[in-house]
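Asks: the amino acid sequence is not available; the structure is as follows:
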Ligand SMILES: [Zn+2]
């Protein structure tokens, strides 16, 4: 800094202008970076309260699934699915999934993409899923890529359907991550970042994760 100041005072006028211009550019760049960082933080701290509904009307959305463009149905599967994928793919550090059944290719691919970015992904599933060929394949795919999957083996179902993104955003509801659920079932998903709701889910996920031994990975 001192050296730059001395250089500015001792160098010819044209060079002074160049130095001054360079300095202003640097200040502007730092200001833009600061504003962007603050905006991202503010965006993430905004309250999130959203409810998605799926219904028998959603079955009609199979016809425009290929386009990935939402229709005007209030329970449009494509709009809802894009919302779910957006949440899942927003994970930067952790993605904790506790799901009874997952067969949806789009969601499975999103999970794999998140994992490939270095996000710590953990999945808890139910033993009954391994009886379902499509579910079993997804679990094998996840594990083959290195994702840790722990499975509850007991007479009682692990019937949850929730995911926690970065310990801050919760997706929960009745919806399994299957095409049947997304395109025809009457189901719901709540998306929230309310700490009073998210924190107990984080605690319960951690409890279940520790309870399921590594032997069941
Ligand atoms: Zn639709």
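Replies: Ah, there it is. Not measured: the values here are computed from a predicted model. Numbering: from 1, shown residues only.
Asks: so who does the spatially most central residue of the chain touch?
Replies: Central residue of the chain (Cα atoms, centre = their mean): residue 88, 2.0 Å from the mean position. Contact analysis of residue 88 by Cβ atoms under 8 Å, 6 or more residues apart in numbering lists 95, 107, 110, 111, 114, 163, 165, 171. For the C-beta atoms, the positions are set from N, CA and C on the backbone; glycine is no exception.
Asks: of those, which is the nearest to residue 51?
Replies: Closest to residue 51 out of the contacts of residue 88 is residue 171 (11.1 Å), distances taken as Cβ to Cβ.
Asks: in the sheet, who's paired with the closest residue to that closest one other than its chain neighbours?
Replies: Ranked by Cβ to Cβ, 6 or more residues apart in numbering and with sequence neighbours excluded, the top spatial neighbour of residue 171 is residue 163, at 4.6 Å. Counting by DSSP bridges, residue 163 is bridged to residue 97, residue 171.
Asks: re the thing from before, mind checking which of the contacts of residue 88 land in strands?
Replies: Using DSSP state E, the subset of the contacts of residue 88 located in strands is 95, 163, 165, 171.
Asks: can you tell me which of those comes closest to the ion?
Replies: Distance to the ion, by Cβ to the ion, is smallest for residue 171 among the ones in strands among the contacts of residue 88, at 19.7 Å.
Asks: thought the closest one was touching residue 190?
Replies: Yes. Residue 171 is within contact range of residue 190, at 7.5 Å (criterion: Cβ atoms under 8 Å).
Asks: ok, those two, which is more surrounded?
Replies: More crowded of residue 171 and residue 190, by other Cβ atoms under 10 Å: residue 171, with 24 against 17.
Asks: ok, the more buried one - contacts?
Replies: Applying Cβ under 8 Å, 6+ apart to residue 171 gives the contacts 84, 87, 88, 162, 163, 164, 165, 189, 190, 191.
Asks: who wins on neighbours among those?
Replies: In the contacts of residue 171, the most neighbours by other Cβ under 10 Å go to residue 163, 26 neighbours.
Asks: quick one, what contacts that one?
Replies: By Cβ under 8 Å, 6+ apart, the residues touching residue 163 are 87, 88, 95, 96, 97, 98, 99, 170, 171, 172.
Asks: nearest residue to the last one in space, please, no chain neighbours.
Replies: Read that as residue 172. residue 162 (3.8 Å).
Asks: and the gap between that neighbour and residue 60?
Replies: Noted for residue 162: a distance of 27 Å to residue 60, by Cβ to Cβ, to the nearest Å.
Asks: now stretch 131-146: average pLDDT?
Replies: Mean pLDDT, computed over stretch 131-146, is 91.
Asks: return the set of buried residues in that stretch.
Replies: Neighbour counts using 16 or more other Cβ atoms under 10 Å place 132, 135, 138, 139, 142 of stretch 131-146 among the buried residues.
Asks: does the second one touch residue 129 like I think?
Replies: Yes. Distance between residue 135 and residue 129: 3.9 Å, which falls inside the contact criterion (Cβ under 8 Å).
Asks: just to revisit the earlier point, farthest pair in the contacts of residue 171?
Replies: 88 and 190 (15.0 Å).
Asks: can you give the domain ranges for this protein?
Replies: For the chain, automatic domain parsing gives the domain ranges 2-41, 47-216.
Asks: low-scoring stretches of the chain, by residue?
Replies: Filtered on pLDDT under 70, the chain yields the residue ranges 1-13, 33-44, 214-217.
Asks: this completes my enquiry, with thanks.
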